[in-house]
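**Q** how would this look folded up:
(chains A and B)
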Amino acid sequence: EAGVTQFPSHSVIEKGQTVTLRCDPISGHDNLYWYRRVMGKEIKFLLHFVKESKQDESGMPNNRFLAERTGGTYSTLKVQPAELEDSGVYFCASSQGRLRANGYTFGSGTRLTVV
Amino acid sequence: GQQLNQSPQSMFIQEGEDVSMNCTSSSIFNTWLWYKQDPGEGPVLLIALYKAGELTSNGRLTAQFGITRKDSFLNISASIPSDVGIYFCAGRGSQGNLIFGKGTKLSVKP
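**A** Numbering: from 1, shown residues only, chains lettered A, B, ... in the order given. Below you'll find the model as predicted:
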């Protein structure tokens, strides 16, 4: 089975620009999570979708970040306008259920650099 | 919020040596996980722990879930060059999201 796919793998943008990250979860996985790792720090939870609904968005840093999952399939995370502190690696993960963490599969991440 | 303190931050060891890293938390977790991240890849699950006191092995890896449910350690025996990477501990929050430590960067010298 195909894993979690993220696009692009790398993105370099200027401060003030807009970037959209995409995540394709494993087919049939209702749960989709976004995480972010800023250099040298822990991987931090951003938000959780169950199908197309936002279950928990308590980790979203501010209103410059907008996540969507139309139709409950792939998800996008838009940063607008990007700031320097948004640089980091953005990971997406999906799981069929949320109760067993060993069902979590991460994508390879999108490395975002804001200059 | 809940935080995990992971140590050491980095390790430089000789091939064949054993490695130990640990995580502590001020909060109780019901599930404790250890992940490994290779360069350019996402975290991959190594071991999942579900019961306080549980000791679980996966090949050369051994992890234990502390009795108080506030700590865990991961041991790697007889390290090899492909063990290089960043190891993360994680606790599972009540909504299913994961709370990660800052990671331990492991370097293995052949």
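
**Q** any low-confidence regions in chain B?
**A** Applying pLDDT under 70 to chain B flags the ranges B:1.

**Q** one more pass at 80, please.
**A** B:1-2, B:93-96 (pLDDT under 80).

**Q** please list the residues of it that sit near chain A.
**A** B:4, B:6, B:31, B:33, B:40-45, B:48, B:88, B:90, B:92-93, B:95-103 (CB under 8 Å from any CB of the partner chain). C-beta coordinates here come from the backbone N, C-alpha and C atoms, glycine included.

**Q** neighbours of A:Gln6, how many?
**A** Neighbourhood size, A:Gln6 [other CB atoms under 10 Å in any protein chain shown]: 22.

**Q** list the contacts for it?
**A** Applying CB atoms under 8 Å, 6 or more residues apart in numbering or on different chains, we find A:Gln6 in contact with A:Leu21, A:Arg22, A:Cys23, A:Asp24, A:Tyr90, A:Phe91, A:Cys92, A:Gly107, A:Ser108, A:Gly109, A:Thr110.

**Q** if I look at the closest residue to the second one other than its chain neighbours, how far off is chain B?
**A** The shortest distance from A:Arg22 to any residue other than its chain neighbours is 4.8 Å, reached at A:Phe7 (CB to CB, 6 or more residues apart in numbering or on different chains). Using CB to the nearest CB, to the nearest Å, we find A:Phe7 at a distance of 13 Å from chain B.

**Q** which parts of chain A sit against chain B?
**A** Checking chain A against chain B by CB under 8 Å from any CB, the hits are A:4, A:9, A:31, A:33, A:35, A:40-45, A:48, A:55-56, A:59, A:91, A:93, A:95, A:98-99, A:101-102, A:104, A:106-109.

**Q** run through the residues that contact the residue nearest to A:Arg22.
**A** Per CB under 8 Å, 6+ apart, neighbours of A:Phe7: A:Leu21, A:Arg22, A:Asp24, A:Thr110.

**Q** point out the ones among those residues that are inside strands.
**A** Judged by DSSP state E, those include A:Leu21, A:Arg22, A:Asp24, A:Thr110 as members of strands.

**Q** looking at it, the second one is touching A:Ser75, isn't it?
**A** Right, the one you point to is A:Arg22. Yes - judged on CB atoms under 8 Å, A:Arg22 makes contact with A:Ser75 at a distance of 7.3 Å.

**Q** tell me which of the two has more neighbours.
**A** Between A:Arg22 and A:Ser75, counted using other CB under 10 Å, the more crowded position is A:Ser75 (23 against 16).

**Q** next up, the contacts around the more buried one.
**A** By CB under 8 Å, 6+ apart, the residues touching A:Ser75 are A:Arg22, A:Cys23, A:Pro25, A:Leu32, A:Trp34, A:Phe49, A:Ala67, A:Glu68, A:Arg69, A:Cys92.

**Q** how about A:Thr20?
**A** A:Thr20 touches A:Thr76, A:Leu77, A:Lys78, A:Val79, counting by CB under 8 Å, 6+ apart.

**Q** partner residues bridging it?
**A** A:Lys78 (DSSP bridges).

**Q** quick one, grab the pLDDT at it.
**A** Predicted confidence (pLDDT) for A:Thr20: 98.

**Q** related to what we said a few turns ago, among the ones in strands among the contacts of A:Phe7, who's most crowded?
**A** Going by other CB under 10 Å, A:Thr110 tops the ones in strands among the contacts of A:Phe7 with 22 neighbours.

**Q** can you check the pLDDT for that residue?
**A** 98.

**Q** quick one: which of the residues of chain A next to chain B sit in strands?
**A** Using DSSP E, the residues of chain A next to chain B in strands are A:31, A:33, A:35, A:43-45, A:48, A:55-56, A:91, A:93, A:95, A:106.
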